[in-house]
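> Sequence isn't available, so here's the structure alone:
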């Protein structure tokens, strides 16, 4: 069986690459993956798979014709807040696959926000036509329940991604604090300046070595480069391309401060304490589910000393998730694998 995998792949986003790596890890052995990517050569080299340009219509159509199944491969693909085009792109591919008679799977989806009636209608049609659907949060599950569409709810698959050690991490000073910020309208210049000053204060108070980790170079690297000179000799920017190693870097980190959803998931799954800076409802859902402390960026205090004190109290007095909690979430994430096995069974 051949399955066409569609997601925000090959765009340099560590979270989406982690979803792809986990999906490939979970695919049944009789399934040959074909991946649509923004950088098909890189995707083929990294994962050893057949890959095609996600925006080149003719190869995409030919790939669909050559496959038996089509999979939305995780993440917030179906939402119309950060992109009005995204739900139509992914929805159009799903609709085409369904018309062509392929088995179709919506895998590990975080649905919404959907604020436009037309995208909401398209999403409902897409999900209702799927062979199997799994979602990663309660809000997505509630939406499907309202639509009377069967689904499975399980933790984000990246909880179950097999991590690899980061080479050279042992050579960096300890203790360590990881920071993952991204470009976003809510991260204004004054807010970034306050966060940077708070981070400088936190480093002085803890004597921790700061790891600045861009999850997507195009969105995150410039911010890391703006912060790093303020932490000269006590910080390092780590640009890590392989998702398993990106997850593994959090294994020896005391605390993670993150805007990126999957930076928080990776950190928590590796036993690291987390503090969230939310710009999106999906971050708030994770904060609620795991009782992760944090702030909405839109409402964050403009007093750097208050930020520092909050971080310092959390650094000195909090505990990471217990090994039992982590095991529960990892085991739960494998429910997404069970769904793939059922949906992609050889019998039709």
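Yep, it's here. Just so we're clear, the structure is a prediction, and the values are computed from it rather than from any experiment.
> Just confirm residue 281 contacts residue 137, I think it does.
No: using C-beta atoms under 8 Å, residue 281 is not in contact with residue 137; the gap is 9.0 Å. In short, each C-beta sits where N, CA and C put it, glycine included.
> quick one, which of these two is more surrounded?
Just comparing residue 281 and residue 137: by other C-beta atoms under 10 Å the higher neighbour count belongs to residue 137, 23 against 16.
> and that one, what does it touch?
110, 153, 282, 285-286, 289 (C-beta atoms under 8 Å, 6 or more residues apart in numbering).
> what residues are up against residue 321?
For residue 321, counting by C-beta under 8 Å, 6+ apart, the contacting residues are 268, 271, 290, 329.
> Quick check: the two most widely separated of those?
Spatial extent of the contacts of residue 321 (C-beta to C-beta) is set by the pair 271 and 290 at 13.0 Å.
> State the helix or strand in which residue 284 lies.
helix 281-290 (DSSP states H and E).
> any idea how far that helix is from the chain center?
Once both centres are worked out by C-alpha atoms, centre = their mean, to the nearest Å, helix 281-290 turns out to sit 13 Å from its chain's centre.
> Going by neighbour count, list what's buried in stretch 17-31.
Across stretch 17-31, burial judged by 16 or more other C-beta atoms under 10 Å covers 17-24, 26-27, 31.
> Looks like residue 208 contacts residue 179 (just checking).
No: under the criterion of C-beta under 8 Å, residue 208 is not in contact with residue 179, lying 10.5 Å apart.
> of these two, who's got more company?
Legend: neighbour count by other C-beta under 10 Å for residue 208 and residue 179, higher for residue 179 (25 against 22).
> Looking at the contacts of residue 137, which one is closest to residue 276?
Nearest to residue 276 among the contacts of residue 137: residue 286, at 7.2 Å, using C-beta to C-beta.
> could you pull out the strands for the protein?
For the chain, the strands defined by DSSP state E occupy 2-6, 32-37, 50-53, 69-75, 103-109, 132-135, 152-153, 176-180, 209-212, 235-237, 255-258, 273-278, 294-296.
> so residue 53 makes contact with residue 61?
No: in this structure, residue 53 is not within contact of residue 61 by C-beta under 8 Å, at 12.0 Å.
> What mean pLDDT does stretch 128-147 get?
Averaged over stretch 128-147, pLDDT sits at 97.
> residues of it that come out buried?
130-137, 139-141, 143-144.
> circling back: let's have the contacts of residue 137 in a markdown table, adding distance to residue 2, pLDDT and neighbour count.
Output for the contacts of residue 137, formatted as a markdown table (distance: C-beta to C-beta, whole Å; pLDDT from 0 to 100; neighbours: other C-beta atoms under 10 Å):
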| residue | distance to residue 2 | pLDDT | neighbour count |
| --- | --- | --- | --- |
| 110 | 26 | 95 | 22 |
| 153 | 28 | 98 | 17 |
| 282 | 31 | 93 | 22 |
| 285 | 34 | 93 | 18 |
| 286 | 34 | 96 | 24 |
| 289 | 35 | 93 | 14 |
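> for these, which one is nearest residue 173?
residue 286 (29.3 Å).
> need the contact list for that closest one.
137, 261, 264-265, 276, 292.
> who has more neighbours, residue 53 and residue 61?
Using other C-beta under 10 Å as the criterion, residue 53 and residue 61 rank with residue 53 on top: 16 against 13.
> Could you list the buried residues of stretch 51-64?
Residues of stretch 51-64 classed as buried under the neighbour-count rule (16+ other C-beta under 10 Å) are 51-54, 60, 63-64.
> How far does stretch 40-53 sit from its chain's centre?
20 Å.
> neighbours around residue 310, how many?
17.
> separation between it and residue 275?
Plainly put, residue 310 is 8 Å away from residue 275 if you go by C-beta to C-beta, to the nearest Å.
> Now do the shared contacts for these two.
With C-beta under 8 Å, 6+ apart as the test, residue 310 and residue 275 both reach residue 293.
> before we move on, the earlier item: let's have the strands of the chain in JSON lines, adding distance to residue 190.
Formatted as JSON lines, those follow (distance: least, C-beta to C-beta, whole Å):
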{"stretch": "strand 2-6", "distance to residue 190": "39"}
{"stretch": "strand 32-37", "distance to residue 190": "37"}
{"stretch": "strand 50-53", "distance to residue 190": "40"}
{"stretch": "strand 69-75", "distance to residue 190": "31"}
{"stretch": "strand 103-109", "distance to residue 190": "35"}
{"stretch": "strand 132-135", "distance to residue 190": "37"}
{"stretch": "strand 152-153", "distance to residue 190": "39"}
{"stretch": "strand 176-180", "distance to residue 190": "18"}
{"stretch": "strand 209-212", "distance to residue 190": "20"}
{"stretch": "strand 235-237", "distance to residue 190": "22"}
{"stretch": "strand 255-258", "distance to residue 190": "18"}
{"stretch": "strand 273-278", "distance to residue 190": "15"}
{"stretch": "strand 294-296", "distance to residue 190": "15"}
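> nearest to residue 343, of the ones you listed?
Across these, closest to residue 343 is strand 132-135 (C-beta to C-beta), at 3.9 Å.
> Which helix runs longest in this protein?
Secondary structure of the chain read by DSSP state H shows that its longest helix is helix 189-206.
> tell me what it is packed against?
Helix 189-206 sits against strand 176-180, helix 222-227, helix 304-317, with contacts defined as 3 or more C-beta pairs under 8 Å, 6 or more residues apart in numbering; DSSP states H and E.
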